[in-house]
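In: All I have is the shape, not the residue letters:
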Ligand SMILES: NC(=O)c1ccc[n+]([C@@H]2O[C@H](COP(=O)([O-])OP(=O)(O)OC[C@H]3O[C@@H](n4cnc5c(N)ncnc54)[C@H](OP(=O)(O)O)[C@@H]3O)[C@@H](O)[C@H]2O)c1
């Protein structure tokens, strides 16, 4: 049984807490002191999630063995800044978010035996009050982000995510992250701007824009050393649109509810990387500007 800390009390954090609490001891790191019961709800019914809570200030330095960071892309750096000093010398740090974040400078502060991993997941859930509703079981990928993790990722995967539905392991997580980024860029901004369900993006009037967005992602990925086939990206995006046809994307919901979006970690990341490599990405630039205007 491992002691696992999970940042936040969000949808993905609670879904992971519910799964991991079957065999491990879970502590949620919340922003404020909480004396509450979190609940997990799926089609089979509801159940309480077995976990404790703690605020970061109460956690001693060098005391966290395993830390999972399932927060919004724009919250990752602050969470790492606050919590890396709390990691033990042999700790496992697991990032999990949509979009791309440049956490490289934070990961270089890890000691040589501290391991960093990425958990890329398409499970779906939303939170209302203290209940997380599990609404979909997409693919999950787990892989190492540093040299220490390369030695441990097989064991850590089997200990934590071996029984997680549709979970797979990879020694090279970056192509997986780029493919997820491409799918998010095909679906999130346009569905948010048009305020439509994912399946409605399959209308022919959106096809040209989606293809151009994917083409730019593929070009920028190639410049960073990740080779992706445009045909695979397009097929993936349309498959996800079909599988989630009745869903509203997270960005669609964020805009509808006047919440901050993760556009900077999606189209914004493509624009920033394109600028570094002196290429133009007008379609991603347009999506970035239009979403940020809302
Ligand atoms: N929900 C889904 O179905 C789904 C599916 C796949 C991927 N994802 C991705 O997974 C990531 C997390 O999504 P989510 O829906 O779970 O987001 P969320 O519901 O907003 O959960 C994030 C939680 O972390 C908390 N938090 C952030 N920084 C913190 C810190 N430093 N200390 C303590 N608490 C902190 C947030 O608190 P505040 O609310 O106070 O900021 C919030 O409770 C996102 O990148 C999302 O795109 C989500």
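Out: Right, received. Where do you want to start? Predicted model only: the values in this text are computed from it and were never measured. Residues are numbered from 1 along each chain as shown.
In: Would you mind measuring from residue 95 to residue 68?
Out: To residue 68, residue 95 is 8 Å away according to Cβ to Cβ, to the nearest Å. Any C-beta I mention is one placed from the backbone N, CA and C, and that applies to glycine too.
In: Now list whatever residues contact both of these two.
Out: residue 119 (Cβ atoms under 8 Å, 6 or more residues apart in numbering).
In: and the chain, what are its domains?
Out: 3-171, 175-293 (the TED database).
In: For whichever residue of the stretch 1-150 of the chain sits closest to the ligand, the count of nearby residues, please.
Out: Distances between the stretch 1-150 of the chain and the ligand by Cβ to the nearest ligand atom are smallest at residue 10, namely 1.7 Å. The number of residues packed near residue 10 is 19, by other Cβ atoms under 10 Å.
In: where exactly do the strands run in the stretch 51-200 of the chain?
Out: Using DSSP state E, counting those that start in this stretch, the strands found in the stretch 51-200 of the chain span residues 52-55, 64-69, 87-95, 115-121, 124-128, 131-136, 140-144, 167-169.
In: which stretch among these comes nearest residue 191?
Out: With Cβ to Cβ as the criterion, residue 191 lies closest to strand 124-128 of the strands of the stretch 51-200 of the chain, at 14.3 Å.
In: contacting residues around residue 174?
Out: Taking Cβ under 8 Å, 6+ apart, we find residue 174 in contact with residue 226.
In: For it, give me the pLDDT.
Out: pLDDT recorded at residue 174 is 95.
In: Write out the residues of the stretch 51-200 of the chain neighbouring the ligand.
Out: Contacts of the stretch 51-200 of the chain with the ligand, taken as Cβ under 6 Å from any ligand atom, map to 70-73, 75, 78-79, 82, 97-98, 121-125, 127.
In: Only whichever of those residues are buried, select them in PyMOL.
Out: Restricted to buried positions by 16 or more other Cβ atoms under 10 Å, the PyMOL selection for these reads:
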select buried, resi 70+71+72+73+75+79+97+98+121+122+123+124+125+127
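In: mind listing which of the residues of the stretch 51-200 of the chain next to the ligand are in helices?
Out: Secondary structure from DSSP state H places 78-79, 82 of these in helices.
In: what about residue 30, how many neighbours?
Out: Residue 30 has 17 nearby residues by other Cβ under 10 Å.
In: Report the beta-bridge partner residues of it.
Out: Beta-bridge partners recorded for residue 30 (DSSP bridges): residue 55.
In: Does it touch residue 6 like I think?
Out: No. At 9.8 Å, residue 30 and residue 6 do not qualify as touching, with contact defined as Cβ atoms under 8 Å.
In: is it true that residue 63 touches residue 86?
Out: Yes. Counting by Cβ under 8 Å, residue 86 is a contact partner of residue 63 at 6.1 Å.
In: Neighbour count for these two, which is higher?
Out: When neighbours are counted by other Cβ under 10 Å, residue 86 comes out ahead of the other of residue 63 and residue 86, with 17 against 12.
In: Longest helix of this structure, counting residues only.
Out: helix 174-194.
In: got the buried residues for that helix?
Out: In helix 174-194, counting by 16+ other Cβ under 10 Å, buried: 174, 176-193.
In: ok and the helix or strand just after that helix relative to helix 174-194, angle-wise?
Out: Once the chain leaves helix 174-194, the next helix or strand it forms, by DSSP states H and E, is helix 207-223. Helix 207-223 and helix 174-194 are oriented at 150 degrees to each other (axes from the mean of the first three to the mean of the last three Cα atoms, to 10 degrees).
In: average model confidence for helix 207-223?
Out: Average pLDDT, helix 207-223: 98.
In: ok, residues contacting the helix or strand following that helix?
Out: Sequence-wise, the next helix or strand downstream of helix 207-223 (DSSP H and E) is helix 230-243. The contact list for helix 230-243, computed with Cβ under 8 Å, 6+ apart, reads 122, 138, 179, 182-183, 186-187, 198-199, 201-202, 210-211, 214-215, 217-218.
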